[in-house]
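Colleague: sequence unknown, structure follows:
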């Protein structure tokens, strides 16, 4: 019998946090709980692990690495609240994508500091492939979104497409530089570590 706290599953906790503005998925939250297992112990209930939601909210609120991201409004809410703003949907989507990218970069930074990332050629290749896939996905999405926005608001489709491409290009350029910069840094770190081990072996041989 659980006497204190609001003990819920990790999945439900991730859903509640996201709804409250702290955007996080189950896998990311699970890693967070493992990293802070001492402060946020889990309780077993059948096949599920439960976490004290009240303690989790308090802990994430005190963690300076966590920035609360406003929950993205629906398309209807965007139109109702900002009827005079052009391309409101595209700007909100871009802000949400930037927030998600920032969160992923922070996770990579934490993992790098904790030595949880292994700088291997596979990781490097996967990262560069992911960047290329994201660029391709945005290009395909722009065509559909441009037509949808044009029909919905009566704007010129060509003008909308140009604007969306500009937004996407700016965001992707920043993301591309950040990811490739980190991959290059990881590769250099791996090479330095490998050279250090080689030198140590030579000294002991």
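Modeller: Received it, and whenever you're ready, just let me know what you need. These figures come from a predicted structure and were not determined experimentally. Numbering: from 1, shown residues only.
Colleague: so what's residue 132 up against?
Modeller: The contact partners of residue 132, taken as Cβ atoms under 8 Å, 6 or more residues apart in numbering, number zero. (Each C-beta comes from the backbone N, C-alpha and C, glycine too.)
Colleague: what ranges do the helices span in this protein?
Modeller: Taking DSSP state H as the test, the helices found in the chain are 10-19, 26-35, 53-62, 75-81, 88-113, 121-153, 157-204.
Colleague: report all helices and strands that the top strand by length along the chain contacts.
Modeller: Identified as the longest strand of the chain according to DSSP state E is strand 48-52. Where contact means 3 or more Cβ pairs under 8 Å, 6 or more residues apart in numbering; DSSP states H and E, strand 48-52 is packed against strand 7-9, helix 10-19, strand 43-45.
Colleague: of all the ones you listed, which lies closest to residue 158?
Modeller: For the helices and strands packed on strand 48-52, proximity to residue 158 was assessed by Cβ to Cβ; helix 10-19 is nearest, at 36.1 Å.
Colleague: tell me the angle the closest one makes with helix 53-62.
Modeller: Between the axes of helix 10-19 and helix 53-62, defined by axes from the mean of the first three to the mean of the last three Cα atoms, to 10 degrees, the angle is 50 degrees.
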